[in-house]
Every structure is written in C-alpha cells, then in structure tokens.
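> Compute the structure for the input listed below.
(2 chains)
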2 protein chains.
Amino acid sequence: MIKINENYLKLQSSYLFIDIARRVQAFQTAHPDKDVIKMGIGDVTQPLPPACIQAFHEGVEEMANAETFRGYGPEQGYAFLREKIAQYDFKARGAEITADEIFVSDGAKCDNGNIQEIFAQDIRIAVPDPVYPVYVDTNVMAGRTGRAKDGRYEGLVYLESTRENRFIPELPSEPVDLIYLCYPNNPTGAVITREQLKVWVDYARENRALILYDAAYESFIRDPGLPRSIYEIEGAREVAVEFRSFSKTAGFTGTRCAYTVVPKICMAYDETGEPHAVHALWNRRHGTKFNGVSYPVQKAAAAVYSEAGRMQTRALIDGYMENATLIRREMEALGFSCAGGENSPYIWVDGRQDSWAFFDFLLNKAGVVCTPGAGFGRCGQGYIRLSAFNSRRNVEQAMTRIRTALAG
Amino acid sequence: MIKINENYLKLQSSYLFIDIARRVQAFQTAHPDKDVIKMGIGDVTQPLPPACIQAFHEGVEEMANAETFRGYGPEQGYAFLREKIAQYDFKARGAEITADEIFVSDGAKCDNGNIQEIFAQDIRIAVPDPVYPVYVDTNVMAGRTGRAKDGRYEGLVYLESTRENRFIPELPSEPVDLIYLCYPNNPTGAVITREQLKVWVDYARENRALILYDAAYESFIRDPGLPRSIYEIEGAREVAVEFRSFSKTAGFTGTRCAYTVVPKICMAYDETGEPHAVHALWNRRHGTKFNGVSYPVQKAAAAVYSEAGRMQTRALIDGYMENATLIRREMEALGFSCAGGENSPYIWVDGRQDSWAFFDFLLNKAGVVCTPGAGFGRCGQGYIRLSAFNSRRNVEQAMTRIRTALAG
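Below you'll find the predicted structure:
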C-alpha cells in the first residue's frame, strides 16, 4: 500500500497567500464593479529593466540557431553569471565570495525550502516569529516538528520579534543548530546592524550552528552602514549560507532567477563530529534534483550587472522606496505605529486589532489588500504588512482610500 | 551542532554524467587538437522551433511594459499552457486528463526527484535496472535505502531489464508500493505495449501501489499502436502519476519546461488505510517549495501546440529519428546487437565487454562519447547507450569513426 508522508497532515491550513487569494476572490465575486489594490503579496509590478529585456531577447535569439543554441547548462549556473555575482554583489563590498561558491537557481523560495534536506532529522531549529512561512512549512513536511498547537509547532524554537526588541530577536535561551534569519526582514521590514549580526555569527561559531541568511531584500538597503551580506561580518563564511534573488532586485518574480551562496569552508558535522563541507552536500542535491536555470533567463540576470542594468535597477528600487516612504508617512499620520519602510520595501503596521479583522476591514471598506501579520506567526498578531511594490498611482490611491475608510 | 543528512554518505560516487564529463575533460586536455562527438548525454542539439522562438520573444516583450508585465504566476502554471497540454497531449488521444490535473514545472528531473517527498519513509520501492539514476539517488538521500553493496542499494527492489525479457521487466516477486517505470525507456530505448502496461496498472490497482510513469520520450513514439501516456490504459488514473517534458519534444533542455500529471482520483493512504488525494499533497509541495516557471518560457512551451509548432516539433523529432535509425543500422552492421532506436532516441548497444572499457575505447580511439550502460545499474553492464540527439553530420561522422576504430 502506497503510504503518504503523514507530516503533511500536521500543516496548518493552506499557505498564507492562498488564503488571502481566496478572500480577495470572494470579495471580487461579490463586488465585480470594485477594483482592488493589492498591497499584500510582495510581488513587483514594474517592467524588467531595458538592459535585461535586451539581453533576454538576445538569449532567445541564440536558441534559434544551431550554432549558438544551448542545451543543458551547468546545474550551478553559467560562469558568465556566477562571476558577475561574485564580483558585484560580494567582492565589491569586501565580502570574499568566489564564483564557484554561488549556485544559480530558479527561486529563493525553492532554495530556502530545499536546503533543509541536506541536514539531519534531529537538529534543533530556530525560526523567527513573525516568519516567512516557507522556513517553517518545509521543516514540518520533513518531519522535524511535532504537531501544531496554538499557532506554533512543537519542537521549533521561535525567535520573537516584537516592538519591545525593535524586531531584532535575542539569542535563543536553549541551544539550536540551524537558524533562519532574514534581513531586511520579511515581514517586519526591520534591518540588522553589523554589530547585531555579529552577535549571531559569533553564536553560530561558538555553538557549531549554521545560519541560513535570507537576503532577498538586500538591494533596498541604502544606509551605507548596514550590511547587505552576512559575509561582510568576520567569520560568517564558516557558519552561514546566504540566499539572494533577482525577484525584488530587478523585477524577476515572473522571470525566475535567484542564487544561493555556500562558502567552501562552511561545515556541518556527522554523528561522530567529523566535519563535511556544506558546499559538497548542496552541490550533490542541486546536481541530482535540479537541471539549471533557463539560459535566456540567466542572460537577462547577468544584464543586471551591466552599467545600464545597475543604473536601471537602482532607479526601479528608488521608485519602490519612494512608495515605502509615502506609505509609512501616511500610516503614521493616521496614528499607526510602523516599522520598516526604510531600507526595506515592507511596512509593518500595528493595527491595534486582530490582524485578519483589519485585513477584512481594509479589503471590504477600502478595496485594499494587505497581508495580515497573524499569518506570519503569533508575534504578527495585531499587525499587517503593506508592500511598496506597486505603482505610485496605486499607492497614492490606496492611501486615500484607507484614510477615507478610517474616517467613515 | 549542525548535523548532516548522513544518507548522503551512502551515495555511490558522483552522478553518472559528472563522471563522464570528467573523463571527457581529461581526454580533451590531453588531446586539445581532437574534437569529440558527444553521443552520450541525452541533450538535444537542434534550435528551438521557430514558433517557440516567436512566442518566447513575445513573452519577453510583455515583460518590458507595465501594462503587460507578469509577476508571480500560478505555481501550477498558467491556464493557457495547462489547457493546451490537456487538450493535445491527452484528450486528443482519448486519455481523460483535465487542465487542473497538470502541474507545470522547470524540469522532469526536478519532479521525478521531488515526488518521493510526499510519500512515507517506509514504503517499498521498485526501480528498473538499468535505471535513470535520479529515481534511485533521491530515495537514497531521503533515507529509504540501506547501504550500497555491489552496485545496488539494500532495501530497493530492482526490476531487471535484460535481453531475455526484451527489456520489459516482470512484475516484482515481492510486494512493492511505489514503482518507477519509464517508456520509451531511458537508457534501453525499449517501448512498452498496451497489454504489457496494463499488467502494471492492474498490479498497482490490486496492491494499492502507485506507478510513477516517466514519459519524457513519448514524442518519439510513431507506432500508433503503442501507448504514449499511461492514461490510455483503463484504470491508470487511479494509480499513476505521469512525467512529461518539453526537453526532448521541442528542444527545451536549456530552456526548461516540463509537467507532471496527477489525476484527482489517484490516492495514497495513511497508516489507518484512509485514502488521501496525491493531487492535494503534490499541490501543497509545489505551492510551498516552487514558484512557477518563467512566464516567457511558458509562452514558448504553449507555442509547441500551435499548428506551426506541432509541424515544427514533428519535423525536429523526425530528424532525430532518422539519426536513430542510422545509428542502429550501422551498429548492427558492425555486429553489435541493439535495442531501441525505434520509437525512441536511444540505442542500447551490447558491447560484449565491460561498459566503461568500451566507453574508454570509443572516447580514445574514435573521439566519440557514449554513456556506459554500467552507470545505469548492474543490468546495464556490457552495454552502452548511444543518443540520436545530434546533427546528421555528427552522427554520420561518429559512425565512420567507430567503424574505423573497430577496424584499426
């Protein structure tokens, strides 16, 4: 008899964004005349930079001729892309990362979700609260947790991000082996300083723990004092894997390209305490279960690093950051306490009520879709997440609608 | 202490094609003046069909304007593609598959590798021998096997494909829960008849087993009597998941698009024997760990089903099939007994010697790269796989070189 992985039965309801989509769908069916402004999911709205479009077309054209056609590429990505990433995203910032430490993939969500496979079943895992659900759900599926109880899974250590600690959690009070961190944070928009991040790197080195550092939003950091990569912190190469994406940097959410950095000196251990290179394990996983990213897509991603590409992506992000500033200012003017929106595309709004109630209010009274903070964990209760990934016009209209709804 | 998944330590050497690449690299370094003809890996060489190129460009162009830009798409794939697949690949052949039973992905290798996650740890698994290594390695990584011993993993049931059974294995003599089948077969090139396939479907229904049917090479089937989908067999919807790819159909190995079919009535069971829809489990996995295929790539894939696209892909495959016929005829003329090469792009050649020895002979004496059969399992020993995915000129030259090398 073919038996299921019963860990799937532990999963709480469906994936957050599927829940939201369902409520929006219900609203639109009931009010077909009303248009809805989506300020919820972190999806970009602006077109790909012209430099990427041009390279993308060129890549497609190469596929049209036998002389330039590309079949299977390296699973880890083409050297032309990996070398640019190493140079511009790391070496230029003083972080010593080489091209062969970079694994190009079709999405940070995939990498974030798949990385846990290479670790043991009985490791102790720390996740933020609020948290990007993928970190948690993929470990539930893999059987590393107990049942859910009051919105948390038994066996996980939750790192609480609250207004009291300004959304930077303290070190765990019990020992942990694998630590998920995300800065600029999804969903709170909080950023971490070098000093704060060093505390985590030092903890990992002292405890032979590993940090999974999700830096999908690093391109929104404009404060030169803030770290954009964990590898800017001394010793991080030994204890950290970093996830990056072109989704938010260059509008690739529908184009699909991301990468994961695994330094060669980063180690994990077998039962006897013998060290094994995480790089070799991930390379084996990547080579066995993945077949590389579409060649024209890699061409488009490489164009992000051209002179034109860098100017264009910076302008793209500038536009989103102006939205973020506007949203935070408006929500604060309406009396809401906010985090994020600076060096981050997310604004974390204390709604002073149940998250889903505020979600429903904004949807039904203002036609604005947000993301309820409670969907990200217990510490998200009472908050909503607003995203700056929209056109200026939509953001302005959404703010006007929210103001009117609250006044009414 | 962060501990590794020690199942990875059970994996035997590195992935077959990586081994081959290493030997070829060594040969090319030693003989920089000699060009090598690659008849090994199943990678296509001919450009994408013009209809796909045109749609691909159009998809890229849509990403250049805010009005037509696409961000995150449905994880399962766009309806425009899923509907075409359902119509042309299934309904047109009398197989009742609906669009929402199709999951578009970036590769059949990924889906083949990931599907095991949704099943229990202690299921009994049957794999072919010779076998596409991904079926085995992903279950080793997941801890469903014991150690390797004499080229086989403890705990797996091997379905032997030999010249005696004409490369169609008998039903297993011990009970199994999950069965990997692949037709047209990789690597033997063997095809399965309706009657033979019905034996497996009946077995699965009687034993509540599940068949993972890899039909990546179905477009090479030209004999109208042969099944192109397992769903052409009565009752298969209840007990089979099918994997398909655009890689070999339309030259998408470097473009990346595939799909997996999970009928809604296909069930797996929990410990109490309660049925659960495999569709719901796979949908949860897909939605949590995957973020959809690049939009322009899906546009290109949909063009395969246009009138021009269908003609062009047929012509593309006709070309490869002429190569296959040529290879088989030449190898037989040289005295080698062959399987495959009819309704299949692979020719399985009985080399009458150790597989790797014949591989090295062909590489060093003829400058031709094949795939050693032993790399696919114990029953592959003595065979090599030749692939028809090449230009006519290369195939002709490779055959001439092999003839000369054997004569010399």
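> and the stretch 151-300 of chain A, which of its residues are near chain B?
Neighbours of chain B within the stretch 151-300 of chain A, by CB under 8 Å from any CB of the partner chain: A:177-178, A:207-210, A:251, A:253-256, A:268-271, A:273, A:276, A:281, A:284-285, A:287-297. From N, CA and C alone the C-beta is placed, and that goes for glycine too.
> Checking residue A:181 next. Helix, strand or coil?
With DSSP: H, G, I helix; E, B strand; the rest coil as the basis, residue A:181 sits in strand.
> show me where the stretch 151-300 of chain A has helices.
A:194-207, A:247-250, A:278-289, A:295-302 (DSSP state H, counting those that start in this stretch).
> looking at the ones you listed, which is closest to residue B:405?
helix A:278-289 (31.3 Å; CB to CB).
> Give me the residues contacting the closest one.
Applying CB atoms under 8 Å, 6 or more residues apart in numbering or on different chains, the contact partners of helix A:278-289 are A:75-76, A:101, A:103, A:105, A:114-115, A:117-118, A:210, A:241, A:260, A:262-264, A:266-268, B:4-5, B:8, B:11, B:14-15, B:18, B:109-110, B:113-114, B:133-134, B:137-138, B:141.
> again, only using 6 Å
Contact partners of helix A:278-289, identified using CB atoms under 6 Å, 6 or more residues apart in numbering or on different chains, comprise A:75, A:103, A:118, A:262, A:264, A:266, A:268, B:8, B:15, B:110, B:113, B:137.
> now, among those, which is nearest to residue A:245?
residue A:103 (12.6 Å).
> how many other residues sit next to residue A:213?
Residues lying near residue A:213 (other CB atoms under 10 Å in any protein chain shown) number 28.
> Now render the contacts of helix A:278-289 as a markdown table, adding pLDDT, neighbour count and distance to residue B:362.
Converted to a markdown table, the contacts of helix A:278-289 look like this (pLDDT from 0 to 100; neighbours: other CB atoms under 10 Å in any protein chain shown; distance: CB to CB, whole Å):
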| residue | pLDDT | neighbour count | distance to residue B:362 |
| --- | --- | --- | --- |
| A:75 | 95 | 22 | 25 |
| A:103 | 98 | 24 | 33 |
| A:118 | 98 | 23 | 36 |
| A:262 | 98 | 24 | 36 |
| A:264 | 98 | 14 | 35 |
| A:266 | 98 | 22 | 40 |
| A:268 | 98 | 24 | 40 |
| B:8 | 97 | 20 | 32 |
| B:15 | 67 | 19 | 21 |
| B:110 | 97 | 23 | 31 |
| B:113 | 98 | 22 | 29 |
| B:137 | 95 | 25 | 26 |
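> Sort out which of these are in strands and list them.
A:103, A:268 (DSSP state E).
> Quick check: closest non-adjacent residue to whatever residue of the stretch 301-408 of chain A ends up closest to chain B.
Going by CB to the nearest CB, chain B is nearest to residue A:391 of the stretch 301-408 of chain A, at 7.0 Å. Nearest in space to residue A:391, with sequence neighbours left out and distances taken as CB to CB, 6 or more residues apart in numbering or on different chains, is residue A:45 at 5.9 Å.
> so who does that neighbour touch?
A:389-391.
> Now restrict these to buried residues only.
A:389-390 (16 or more other CB atoms under 10 Å in any protein chain shown).
> Redo the contacts of residue A:45 as a markdown table? Include secondary structure.
Shown next, in a markdown table, are the contacts of residue A:45 (three-state DSSP):
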| residue | secondary structure |
| --- | --- |
| A:389 | coil |
| A:390 | coil |
| A:391 | coil |
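> Run a quick neighbour tally on residue A:307.
Around residue A:307 there are 8 residues (other CB under 10 Å).
> before we move on, what about residue A:311?
The number of residues packed near residue A:311 is 12, by other CB under 10 Å.
> Check for me that it belongs to a helix.
Yes. Under three-state DSSP, residue A:311 falls within a helix.
> Tell me the confidence at it?
Predicted confidence (pLDDT) for residue A:311: 98.
> Same question for residue A:385.
With respect to pLDDT, residue A:385 has a value of 97.
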